[in-house]
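Just the structure for this:
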Amino acid sequence: MAEGKLARVHRGDSEAIELEGEEGESELDLSFGDEDQKVSIALVGRPNVGKSSLLNSLLGEDRAIVSEIPGTTRDAIDTHLRWGRSDIVLIDTAGIRRPGKVASGPAAERYSTLRALKAVDRADVVVLVIDAFDGLTAQDAHVAGFIVEEGRGLVLALNKWDLLEEKTGRTFDEYTAEIRADVPFLDFAPIVSISAKTGQRVGKVLELAVDVWGERRKRISTPELNRVMRAAAVRQPPPPGKLGPPKIFYATQVRVAPPTFVFFARHADQVHFSYQRFLENRLRAEFGFDGTPIRLVFRERAGGRSDPGGARGRGVARSPGRGPVRGAGKPRPVGPLPSGPTPNGPPPSGPRPARASGGATGSSGAPGTRPAPGNKPARGVAGSVKRPPGRRGRPA
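Here you go, the predicted structure:
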């Protein structure tokens, strides 16, 4: 399989990304040559973190109203931007407050929050704008968790970087390490420090967003995927569950945006969450998937059994060709046998005697009656109870 590589092509002040590969093959499904291809990028975050200022800085004009008063933007605004050979749709959204304040606030704020969440649903990549002066808050983590659950690409933008004083060469690294420690489930999202007011590194936001858009459409062939998964299983076998250690037979990618992988295994429901996290980390280490969530689905292999004793218990018939079937001998007689010739002779003529109700006859021979207490008939006399012959016996 040919390995593709990214090449940046500068055209004036804009920057496009092309994919160069061997024989036209590529790992990334970046169809930038298609004029109709559009990349939807939503700008979300808490109120007054600089989302509208970032939009104006990217467009180079005052497209959105900017004010220091929180809640100025009430509705999601779509703006089309030509960036290189790709069409980008920038979606400016209203600030998302905490659920408690939204519920107790005016109706207009509730509708604004709903429109912002719907903008996340129809976007390919979401840029979560964070106030660098305040740092990552609990509300920021809550919004980021919603974005990951929706399966959208994610870029973290630390805005208002110019307001930080006494910055050093390690300030950004310290901020990044703190964010990774506070929200470890966002370790795949790229982080960039920007200043929407001065325009510092705002173009990097679009560059990362387009890269994430391509990562969401990356396809991995099944042989290459199983090679990596077999190596991961050898390196770290799955921990045993209640029914024994799970065994992964093979995996395949079933969809993109977000990348979704199905693992067929024995005891699939016993695969621990920590081992799923281990497999996800191996996928990212081998194939990238920067900025996009990954879906892992574990299914029981067709024909497999989760209950080890469900079909091998005692007294259960086995399939043909595997020896005699237990309990499949000749049926035993359940009543008095008719008198007549030997079993090899012709069948007796006349009506067949009625079967006794309850499996016994009385002393008078009448069916359905029992002998009186203390008057048990002797063996061998008329009217006595006959014992059915065994499996190997023959009728007298």
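
Tell me which stretches of the chain form strands.
5-11, 14-20, 38-45, 77-83, 86-92, 125-131, 153-159, 191-193, 247-255, 260-266, 295-300 (DSSP state E).

got JSON lines for those strands, with mean pLDDT too?
Compiled in JSON lines, the strands of the chain are given as follows (pLDDT from 0 to 100):
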{"stretch": "strand 5-11", "mean pLDDT": "33"}
{"stretch": "strand 14-20", "mean pLDDT": "33"}
{"stretch": "strand 38-45", "mean pLDDT": "94"}
{"stretch": "strand 77-83", "mean pLDDT": "87"}
{"stretch": "strand 86-92", "mean pLDDT": "89"}
{"stretch": "strand 125-131", "mean pLDDT": "97"}
{"stretch": "strand 153-159", "mean pLDDT": "97"}
{"stretch": "strand 191-193", "mean pLDDT": "97"}
{"stretch": "strand 247-255", "mean pLDDT": "95"}
{"stretch": "strand 260-266", "mean pLDDT": "96"}
{"stretch": "strand 295-300", "mean pLDDT": "95"}
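
just so I know, which of the ones you listed lies nearest residue 227?
Closest approach to residue 227 among the strands of the chain (C-beta to C-beta): strand 247-255, 10.5 Å. C-beta here means a position set from N, CA and C on the backbone, and glycine is covered the same way.

so what secondary structure elements neighbour that closest one?
Judged by 3 or more C-beta pairs under 8 Å, 6 or more residues apart in numbering; DSSP states H and E, the packing partners of strand 247-255 are helix 222-235, strand 260-266.

tell me which residues in that strand are buried?
For strand 247-255, the neighbour count (16 or more other C-beta atoms under 10 Å) marks 248, 251, 253 as buried.

Could you export stretch 48-56 as CSV, CA atoms only?
The C-alpha trace of stretch 48-56 is given here as CSV (Å, rounded to 0.1, in the frame of the first residue of the first chain):
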residue,chain,number,x,y,z
ASN,A,48,-17.2,36.2,25.5
VAL,A,49,-14.2,34.1,24.6
GLY,A,50,-13.6,35.6,21.2
LYS,A,51,-15.5,33.5,18.7
SER,A,52,-16.8,36.4,16.7
SER,A,53,-13.4,38.1,16.8
LEU,A,54,-11.8,35.0,15.4
LEU,A,55,-14.3,34.9,12.6
ASN,A,56,-13.6,38.5,11.7
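
mean confidence for it?
Here stretch 48-56 scores 91 as its mean pLDDT.

Return the set of buried residues in that stretch.
Quick answer for stretch 48-56 (16+ other C-beta under 10 Å): 48, 49, 50, 51, 52, 53, 54, 55, 56.

In this structure the first one contacts residue 94, no?
This points to residue 48. No: with contact defined as C-beta atoms under 8 Å, residue 48 does not reach residue 94; the gap is 11.0 Å.

What segments of this structure are helices?
Applying DSSP state H to the chain gives helices spanning 51-59, 99-104, 107-121, 138-149, 171-182, 202-216, 222-235, 273-287.

Out of the helices and strands packed on strand 247-255, indicate the one that is most buried.
The highest average neighbour count among the helices and strands packed on strand 247-255, using mean count of other C-beta atoms under 10 Å, belongs to strand 260-266 at a mean of 18.

I appreciate the help and will end here.
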